[in-house]
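Participant: Give the three-dimensional model of this entry:
(one chain, ligands or ions: 2)
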Amino acid sequence: MNLHEYQGKELLNSFGVRIQRGIVADNHKKAVEAAKQLATETGTGWWVVKAQIHAGGRGKGGGVKLAKSLEQVESISEDIIGMMLKTPQTPPQGKKVSQVLVAEDVYYPGDNEPEEYYMSVLLNRATGKNMIMYSTEGGMDIETVAEETPHLIFTEEIDPLIGLQGFQARKIAFNLGLSGGALKEMIKFVSSLYTAFVESDSSLFEINPVLKTSDDKILAVDSKVTLDDNALFRHKDLAELRDLREENEIEVEANAAGLNYVDLDGNVGCMVNGAGLAMGTMDLIKQSGGEPANFLDVGGTADAKRVETAFRIILKDDNVKAILVNIFGGIVRCDRVAQGVIDAYKNMGDAIKVPIIVRLQGTNAIEAKQLIDDSGLDVISATEFQEAADKVQEVLA
Ligand code: GDP
Ligand code: MN
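Facilitator: Ligands and ions are numbered 1, 2, ... in the order given. Purely as a prediction, here's the structure:
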């Protein structure tokens, strides 16, 4: 689960990480109020207005703007709220902005030497250790830095049993070229950041830029925080930060129905039981020249109700031109699944407008095929895996 920049910053700050302060607003009037409040609290006279969407690259896309007066805060907020913001990380049509973060300007006027660093915390799956990645080349595309000047990206691995050691935090601060007050601040920043990562059960922190101000403060100007979904049960307060507007609508609905669904770009809808078989099915569709429209694991109980829900969810995707049902009858008998498919089909009236190919294998597979073939419905049956994939290609051709 991803957090918005403002939520991520609040999380960091609660662990003692210094941040660029800001207040979120969902209309331009509130944005002005937020700016006034920030002026009182921080003494700032300039602000940055930042679109809050789950995507980076907002700066380049016109979603981060400097405001030098309250009038500008108002007009910029009015422009940004409601806009479709396009960045390299959004879908082509962009993402709708529902709120902005009005933040204190931390690049002080006349400060010609603000230093921007990059810092992230994540798991290195190969070594089973967390790592802090950091670079002096912050602010810009870290992907470009990784491609053109990879030696400017440093990595520090942390033993999960010992945690971040003092010498490691110091090494990071030194490698960033810091000294004096800024060095001390960076050590504190890194330590708090790592604690926040571990305590919140996050799977990714990316702070770009981390800023060194001319008066040697180190602060998080941006935040990308991804929480581990599997640990959300012990972070009820964080789970509440979920913004469903940012997530794929169909995925949210499938999730609520207890289905494991991931939206993809292809045109062959898949309904499969078991994650392994679901992946195998997607592979075979691809190998046979098609493109899966989704990953869908309906789970063990493929009864009529569940099959119907799955059909409805698959069909919400307009790109779907055929549906492949591939069920292995182990715990659940194939004839029961077949009956489920038939009942669901009948229940849905004429909602199903695309051909359906059903392959049932396992307990009572023969009876199941018979049921499908005798149903009189526009459903194509198959016994073998490859045969099913080929039939999908035939109906698409
Ligand atoms: P991103 O483009 O989505 O990664 O959003 P960021 O939060 O990183 O902001 C983009 C850029 O806006 C940063 O790299 C900064 O250069 C700039 N920026 C952010 N905060 C301030 C600020 O307080 N003052 C000024 N002048 N620029 C800022
Ligand atoms: Mn950024």
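Participant: which residues of the stretch 101-250 of the chain fall in strands?
Facilitator: Assigned by DSSP state E, counting those that start in this stretch, the stretch 101-250 of the chain shows strands spanning 115-124, 129-135, 153-158, 202-212, 218-220, 224-227.
Participant: Repeat that for the stretch 251-397 of the chain.
Facilitator: Using DSSP E, counting those that start in this stretch, strands in the stretch 251-397 of the chain cover 260-263, 268-272, 294-297, 322-329, 356-362, 379-382.
Participant: So what's the gap between stretch 86-100 and the chain middle?
Facilitator: Here the centre of stretch 86-100 is set off from its chain's centre by 13 Å, with Cα atoms, centre = their mean, to the nearest Å.
Participant: how far does it stretch from start to finish?
Facilitator: End-to-end distance of stretch 86-100 (Cα to Cα, to the nearest Å): 15 Å.
Participant: Pull out the buried residues from that stretch.
Facilitator: Within stretch 86-100, the residues that qualify as buried are 86-87, 90, 94-95, 97-100, counting by 16 or more other Cβ atoms under 10 Å. C-beta here means a position set from N, CA and C on the backbone, and glycine is covered the same way.
Participant: For that stretch, the averaged confidence score.
Facilitator: The average of the pLDDT scores along stretch 86-100 is 94.
Participant: okay, now the residue in the stretch 1-150 of the chain that ligand 2 sits nearest to: neighbour count?
Facilitator: Nearest to ligand 2 in the stretch 1-150 of the chain, going by Cβ to the ion, is residue 56, at a distance of 5.7 Å. When neighbours are counted by other Cβ atoms under 10 Å, residue 56 registers 19.
Participant: What of residue 210?
Facilitator: Around residue 210 there are 26 residues (other Cβ under 10 Å).
Participant: and the gap between it and residue 60?
Facilitator: Residue 210 sits 19 Å away from residue 60, taking Cβ to Cβ, to the nearest Å as the criterion.
Participant: do residue 394 as well
Facilitator: 46 Å.
Participant: Check residue 117 too.
Facilitator: 19 Å.
Participant: In terms of neighbours, single out the busier of the two.
Facilitator: It is residue 117, of residue 117 and residue 60, that has more neighbours when counted by other Cβ under 10 Å, with 23 against 13.
Participant: give the contact list for that one.
Facilitator: Neighbouring residues of residue 117 by Cβ atoms under 8 Å, 6 or more residues apart in numbering: 134-136, 138, 176, 209-212.
Participant: Which residue, neighbours along the chain excluded, lies closest to residue 239?
Facilitator: Of all residues not flanking residue 239 in the chain, residue 232 sits nearest, at 4.5 Å (Cβ to Cβ, 6 or more residues apart in numbering).
Participant: same deal with residue 301?
Facilitator: Spatial nearest neighbour of residue 301, excluding adjacent residues (Cβ to Cβ, 6+ apart): residue 332 at 6.4 Å.
Participant: ok, that neighbour touching residue 298?
Facilitator: No. The pair residue 332 and residue 298 fails to qualify as a contact (Cβ atoms under 8 Å) at a distance of 9.9 Å.
Participant: For residue 108, report the pLDDT, please.
Facilitator: Looking at residue 108, its pLDDT is 71.
Participant: Measure how buried it is and give me the count.
Facilitator: Neighbour count of residue 108, defined by other Cβ under 10 Å: 13.
Participant: How about residue 4?
Facilitator: Residue 4 has 23 nearby residues by other Cβ under 10 Å.
Participant: Return the residues in contact with the most centrally placed residue in the chain.
Facilitator: Nearest to the mean C-alpha position of the chain, by Cα atoms, centre = their mean, lies residue 2 at 5.4 Å. Residue 2 makes contacts with 54, 224-227, 246, as judged by Cβ under 8 Å, 6+ apart.
Participant: Go through those residues and name the one nearest ligand 2.
Facilitator: residue 224 (7.5 Å).
Participant: and the closest one, how far is that from ligand 1?
Facilitator: Look at residue 224 and ligand 1: by Cβ to the nearest ligand atom, to the nearest Å, they are 8 Å apart.
Participant: which residues does the nearest residue to that residue once chain neighbours are set aside form a beta bridge with?
Facilitator: Distance criterion Cβ to Cβ, 6+ apart; nearest residue to residue 224, sequence neighbours excluded, is residue 206 at 4.1 Å. For residue 206, the beta-bridge partners under DSSP bridges are residue 120, residue 224.
Participant: Quick check: pLDDT value at residue 206.
Facilitator: For residue 206, pLDDT reads 98.
Participant: Any figure for the gap between it and residue 368?
Facilitator: 49 Å.
Participant: Not including adjacent chain positions, what is the nearest residue to the residue of the stretch 1-150 of the chain closest to ligand 2?
Facilitator: Using Cβ to Cβ, 6+ apart and skipping the chain neighbours, the partner closest in space to residue 56 is residue 89 (5.1 Å).
Participant: coming back round to it: residue 206 and residue 368: which has the busier surroundings?
Facilitator: For residue 206 versus residue 368, neighbours defined as other Cβ under 10 Å are more numerous around residue 368 (27 against 18).
Participant: Just to check, the more buried one is in contact with residue 335?
Facilitator: Yes. Assessed by Cβ under 8 Å, residue 368 is found in contact with residue 335 at 4.7 Å.
Participant: Next, count neighbours for residue 257.
Facilitator: Neighbour tally, residue 257, other Cβ under 10 Å: 14.
Participant: Right, I'll leave it there.
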